[in-house]
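K.L.:
with the input below, show me the fold.
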Amino acid sequence: MNSIIKTKLSFMMFLEFFIWGAWFVTLGTFLSQNLKANDFEIANVFSTQSLGAIIAPFIVGMIADRFFNAEKVLAILHLLGAFLLYQMYQASDIGGFYPYVLTYMILYMPTLALASSISFRQLKNPEKEFSAIRIWGTIGWIVAGLSISYLFKWDASAEEGALKNTFLMATIASAVLGLFSFILPSTPPIKAESGEKPSFSSIIGLDAIKLLKDRNFFIFFISSVLICIPLAFYYQNANLFLTEIGLENPTGKMTIGQISEVLFLLLLPVFFSRFGFKKTILVGMLAWAVRYLLFAYGDAGELTFMLITGIALHGICYDFFFVSGQIYTDSKAGEKYKSAAQGLITLATYGVGQLIGFWVASLIGDKYKSLKDTDLAAFWQQTWVVPAGIAFVVMIIFFIFFKDEKVKTEE
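P.N.:
Residues are numbered from 1 along each chain as shown. Reported below is the predicted structural model:
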């Protein structure tokens with residue numbers, strides 16, 4: 001690959017995930033401590049991510065695959081996103097905050113699929129090359145977390161409302177990526193290039209749904225939905241959990257998960273090639289169950305190592321399931337529908353699965369809330385045991401019903 005193109009794609013990925021990591025990791029703590037939101041309100045805010053992801057396949061399939069260059073769509077979405085993030089920075093209560101975060105997530109979630117699609121269109125062998133690009137997204141997330149805890153000290157600041165500055169940091173990064181996207185490699189609609197007249201189903205992005213006729217892809221799709229139920233517990237509760245039990249610099253320590261993600265992204269091509277797609281996914285699912293059990297029984301004292309180990313398992317949890325899933329989806333999609341297919345898997349994971357997951361997490365939080373004032377450790381133990389059990393059940397379902405297959409990639 002041309003080194004200039006590789007550098008551009010890497011910087012795109014860095015900013016794409018820096019923006020998300022700059023405010024989303026501390027969102028639960030911000031909502032609870034700064035805006036005094038209750039469990040129901042917090043779940044509603046987190047659910048905006050899922051609503052955005054559900055809409056994403058239609059935006060990507062209808063616009064990026066059919067009418068406009070993907071890099072130009074990416075640019076416009078991030079420039080609009082910068083404006084909305086600034087409004088979130090200025091919001092003083094949950095009522096003023098919610099409309100902006102909802103609109104922002106509807107615009108941001110499609111950019112995840114667009115960034116992947118732009119990258120895949122430049123790669124000859126995604127199985128071997130994509131990890132080297134995607135790793136910069138992880139580095140961006142790490143830099144955001146370390147900045148919050150160690151550079152600006154916003155999550156440990158005595159200054160009232162300091163966490164709101166995370167939105168200002170994300171605003172600047174989103175504006176930069178929006179402008180930078182205009183000079184990304186040209187990624188025009190494939191059907192426009194071929195001169196083929198799009199059908200109604202292709203215009204609204206339904207082509208990728210045809211992939212569900214493949215039995216294995218259907219099992220993968222359903223498993224993706226189900227495994228994201230426990231994932232939602234992590235997004236909604238992890239930073240607040242670590243803060244409440246007294247772990248020092250929780251946001252900075254959570255970047256250990258992204259550091260491990262870098263390591264396992266480097267190992268993923270080897271593991272993927274040697275053991276195949278099915279075993280790779282199963283290891284990722286098992287890691288989810290184990291990490292939640294470590295959270296359930298660890299503490300910020302003598303058992304801190306259990307919390308750190310649970311955080312460090314993020315590399316296996318994320319890479320072995322989500323990055324492998326992107327590669328698998330790309331191999332199944334066919335040349336014409338890569339953007340729509342990535343949008344479809346975004347719908348399954350960040351959309352339907354996490355929408356259910358945020359609802360379940362708030363339900364569990366409400367069920368055990370009486371424990372929170374009397375026995376904080378017991379409250380969090382009950383909260384984490386539930387997603388551990390769900391992840392284990394999903395792993396068994398995938399093991400039984402998914403038939404192993406070789407993922408085809410170009411040599």
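
K.L.:
rest of the way, CA atoms for contacts and neighbours
P.N.:
Will do.

K.L.:
for the protein, which helix is longest?
P.N.:
Criterion DSSP state H: the longest helix present in the chain is helix 250-297.

K.L.:
next SSE after it?
P.N.:
In the C-terminal direction, the helix or strand that comes right after helix 250-297 (DSSP states H and E) is helix 304-312.

K.L.:
what angle do that next one and helix 250-297 make?
P.N.:
Angle, helix 304-312 to helix 250-297, by axes from the mean of the first three to the mean of the last three CA atoms, to 10 degrees: 110 degrees.

K.L.:
check contacts around the residue most central in space within the chain.
P.N.:
Centrality entry for the chain: nearest residue to the mean C-alpha point is Tyr350, 6.6 Å, by CA atoms, centre = their mean. Tyr350 sits next to 49-50, 53-54, 228 when contact means CA atoms under 8 Å, 6 or more residues apart in numbering.

K.L.:
how does it look with 10 Å?
P.N.:
Contact partners of Tyr350, counting by CA atoms under 10 Å, 6 or more residues apart in numbering, are 47, 49-54, 56, 109, 224-225, 228-229, 231-232, 357.

K.L.:
same question, Val407
P.N.:
127, 272-273, 276-277, 327-332.

K.L.:
so it, which state does it fall into?
P.N.:
Of the three states, Val407 takes coil under DSSP: H, G, I helix; E, B strand; the rest coil.

K.L.:
tell me the pLDDT of it.
P.N.:
pLDDT for Val407: 73.

K.L.:
roughly how far is whatever helix or strand Phe58 lives in from the heart of the chain?
P.N.:
Element membership of Phe58, judged by DSSP H and E, is helix 39-59. Relative to its chain's centre, helix 39-59 lies at 12 Å (CA atoms, centre = their mean, to the nearest Å).

K.L.:
check which residues of it are buried.
P.N.:
Within helix 39-59, the residues that count as buried by 16 or more other CA atoms under 10 Å are 39, 41-59.

K.L.:
repeat that for stretch 297-312.
P.N.:
Using 16+ other CA under 10 Å as the test for burial, stretch 297-312 gives 297-300, 304, 306-312.

K.L.:
contacts for that stretch, please.
P.N.:
Under the criterion CA under 10 Å, 6+ apart, residues 238, 242-248, 253-261, 287-296, 317, 377-378, 380-382, 384-385 lie in contact with stretch 297-312.

K.L.:
swap the cut-off to 6 Å and go again
P.N.:
Residues from elsewhere that reach stretch 297-312 (CA atoms under 6 Å, 6 or more residues apart in numbering): 247, 256-257, 260, 291, 294-295.
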